[in-house]
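> Sequence and predicted model, in that order:
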Amino acid sequence: MLILLFLGCEPEMLFHLSRPFPMNKAIIRTFQAIFTIGILIWLFHSPEKRVQMASAIGKANSTWLLIGLPVALVGEVANIMRWQILMRVQGMRMSWRRATMLFFVGLFFNLFMPGYTGGDFARLYYLMREFPEKKKEAILTVVMDRLIGVAALFVTALFTTVLRWQWLQRTPHATVLLWVLIAMLIGFVIATAGSFLIAGSGLLNRLPEHFPFRERLLEASEAYHLFAKEKRSLLYAFLLSFPVLFSFYGAFYCTSKALGTSVSLLDMFSIMPIVTSIISLPVTPSGIGFRESLLEILLRDLCKVPTEIGVLVSLLGFAYFVLFGIAGGITYLFYAPKQHSRWSQMQDEVRRAHGYPE
């Protein structure tokens, strides 16, 4: 499943790769809801901890909180620029205003869907509505956008892991999370190298029609071949991925400073690749609770930050992106067609474009 996510496969689609099993989706969604509620109860069950958190918020430095907002916004702007580059490679030209509106609509859907793929799903659906004759190109754009973003995360995580190897293993809990990151990075390398090998060797044409994940491999192969002809555009898109990541990390650094911690910029940039990678798994909606527990552990173990402050650093950092999501919800009222589509309808159309069975 992890490898499929790296290839841009939506979690909901995994249940449609062979036969549709509605019960499986219900079980998974129930598990996600139970896990989210359970982890939130674990984080906030202590009355003393809640009192300490309320006190810390009251003492927070408003200047740092305000600085964090434009810091977070820079990453979203860079994300839109990267997406525009990839769309133009596919011959899909959209005004900056329209692209920005569609991007923020995706942020709105990210607030409610497990992991961070719900926004991609919504963007893809409405992009296919904008360019009905280029549905395949729209899919390839989202696939490459995901691959480039993960590649930049891989480079960042690899650099910080090597640089802070001993520091990241100061406690058993931190060591376990570091090795989870390493396992995910290895999975990404295997997935990418394997898809390159299959795409370049012509094995795809020999695979049976019902071979598992054949459509995903075909999409990745098409994306490689198409974007390989546009190396300069691909390079620009890849470079823009770093301000996307650094802006995200920087927003949490600002909230940590607002709460009076001694966390350095290097510390936060070393911790966040672990958190970002793990919460990409579709466990809770938008990583809620999951992200807070990871930051609580890592900031406590590596930076000696009290647990209640670690949770607040995460909540306040995430609050910036909730604001962007709310802005996306307002944008959705003006962007979407007169008749709004239900989420199930959006899923069905995207699956049909991917070639999955109903």
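Thanks, I have it. No experiment lies behind these values; they were computed from the predicted model shown.

> Pull the distance from stretch 72-89 to the chain's centre.
How far stretch 72-89 lies from its chain's middle: 14 Å, per CA atoms, centre = their mean, to the nearest Å.

> what do you get for stretch 322-336?
On the basis of CA atoms, centre = their mean, stretch 322-336 sits 18 Å off its chain's mean C-alpha point.

> One more: stretch 123-135?
21 Å.

> Quick one: mean pLDDT over it.
Stretch 123-135 shows a mean pLDDT of 83.

> Could you pull out the helices in this structure for me?
2-6, 22-44, 47-58, 62-89, 96-110, 118-130, 135-163, 172-201, 214-228, 231-258, 265-279, 290-303, 307-335, 343-354 (DSSP state H).

> Please report how far V155 lies from M53.
Using CB to CB, to the nearest Å, V155 is found at 35 Å from M53. In short, each C-beta sits where N, CA and C put it, glycine included.

> More neighbours: which of the two?
Neighbours were counted for V155 and for M53 using other CB atoms under 10 Å; M53 has more, 21 against 15.

> Can you tell me which of the helices of the chain has the worst average pLDDT?
Of all the helices of the chain, the minimum mean pLDDT falls on helix 2-6 (a mean of 45).

> List phi and psi for N61.
Here is the backbone geometry of N61 (degrees, to the nearest 10): phi -80, psi 110.

> And for F131?
Dihedral angles (degrees, to the nearest 10) for F131: phi -130, psi 70.

> For burial, what's the neighbour tally of it?
With other CB under 10 Å as criterion, F131 counts 17.

> Give the closest residue to it in space, chain neighbours not counted.
Computed as CB to CB, 6 or more residues apart in numbering, the closest residue to F131 that is not its neighbour in sequence is M92, at 5.2 Å.

> hang on, isn't that neighbour packed against V142?
No. Contact criterion CB atoms under 8 Å: M92 and V142 do not qualify, at 11.5 Å.

> quick one: which of the two has more around it?
V142 (24 against 17).

> Enumerate every residue touching that one.
When contacts are counted by CB atoms under 8 Å, 6 or more residues apart in numbering, V142 touches G8, D120, R123, L124, L127.

> As a markdown table, those residues with distance to R300 would be great.
Formatted as a markdown table, the contacts of V142 follow (distance: CB to CB, whole Å):
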| residue | distance to R300 |
| --- | --- |
| G8 | 34 |
| D120 | 32 |
| R123 | 36 |
| L124 | 38 |
| L127 | 42 |
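
> coming back round to it: list the contacts for the residue nearest to F131?
L127, E130, F131, K134, E137, A138, T141.

> For the fourth one, which non-adjacent residue is closest in space?
Across the structure, with CB to CB, 6+ apart as the measure, the residue nearest K134 apart from its sequence neighbours is M92 (5.8 Å).

> how far away is the one you found from E133?
Applying CB to CB, the value for M92 to E133 is 10 Å.

> and the nearest residue to E296 once chain neighbours are set aside, how many neighbours?
Distances taken as CB to CB, 6+ apart put G310 closest to E296, at 3.9 Å, once the chain neighbours are dropped. G310 has 26 neighbours, counted by other CB under 10 Å.
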